[in-house]
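A.B. asks: Provided below for reference: sequence and predicted model.
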Amino acid sequence: MRTDMATRPRTYNVLNILTKFHAFPSEVDGKFCLVECTVPVGAGAPPNHHAGETEGFFVLDGQIMFVIDGGEYPAGPGDYIAIPDGAVHAFKAIGDSPARVLILNAPGHMHEAFFTGLGTVLPDDQTKLPTPNEPDLGAVLKVAGEVGMTIVGPE
């Protein structure tokens with residue numbers, strides 16, 4: 001049961017990605033963070049790594065290219081991609097339409113802090129992609145460093 005739904009924002013613009021929290025770690029005994037992301041074509045996450053947070057992606061719609069430790073892995077609806085602990089990874093929506101993906105991070109505290117620290121709060125009922133803007137690389141690096149994530153470089 002969500003106990004802080006009314007008081008806590010759940011929807012953010014993170015790197016032009018519409019990010020909706022389905023579960024914060026505090027709602028699930030600190031076990032995981034579950035977000036649903038709508039990713040515009042060409043948007044995604046830069047190469048990064050983070051020890052101690054398991055990450056998995058389940059593609060709902062569209063196409064996403066994952067890069068994990070230098071290998072490329074295209075994924076579409078129904079595909080699950082697991083990120084090995086500490087692996088350098090990135091992803092980008094490809095194709096003709098935005099992709100939609102569920103991301104599970106365990107225990108999720110690092111990703112919750114990154115997404116909420118970097119993101120801009122949006123109305124919780126928003127379903128339209130945010131207006132794209134150029135991500136502030138300095139802010140990305142600062143927030144990532146504060147939460148224990150390493151950004152390796154641009155995609």
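C.D. replies: Good, I have the coordinates.
A.B. asks: Now do the contacts for A43.
C.D. replies: Listed by Cβ atoms under 8 Å, 6 or more residues apart in numbering, the contact set of A43 reads 15-17, 92-93, 132. Just so you know, the C-beta spots here come from the backbone N, C-alpha and C atoms, and that holds for glycine as well.
A.B. asks: brain fart, F114
C.D. replies: By Cβ under 8 Å, 6+ apart, the neighbours of F114 are 143-144, 147, 149.
A.B. asks: picking up where we left off before, name the nearest of the contacts of A43 relative to R100.
C.D. replies: For those, the minimum distance to R100 (Cβ to Cβ) is 9.2 Å, reached by A93.
A.B. asks: three-state assignment of the closest one?
C.D. replies: For A93, the assignment made with DSSP: H, G, I helix; E, B strand; the rest coil gives strand.
A.B. asks: Distance check, it against H22.
C.D. replies: 20 Å (Cβ to Cβ, to the nearest Å).
A.B. asks: ok, the two, which is more surrounded?
C.D. replies: A93 (24 against 14; other Cβ atoms under 10 Å).
A.B. asks: pLDDT score assigned to A51?
C.D. replies: A51 carries a pLDDT score of 88 in this model.
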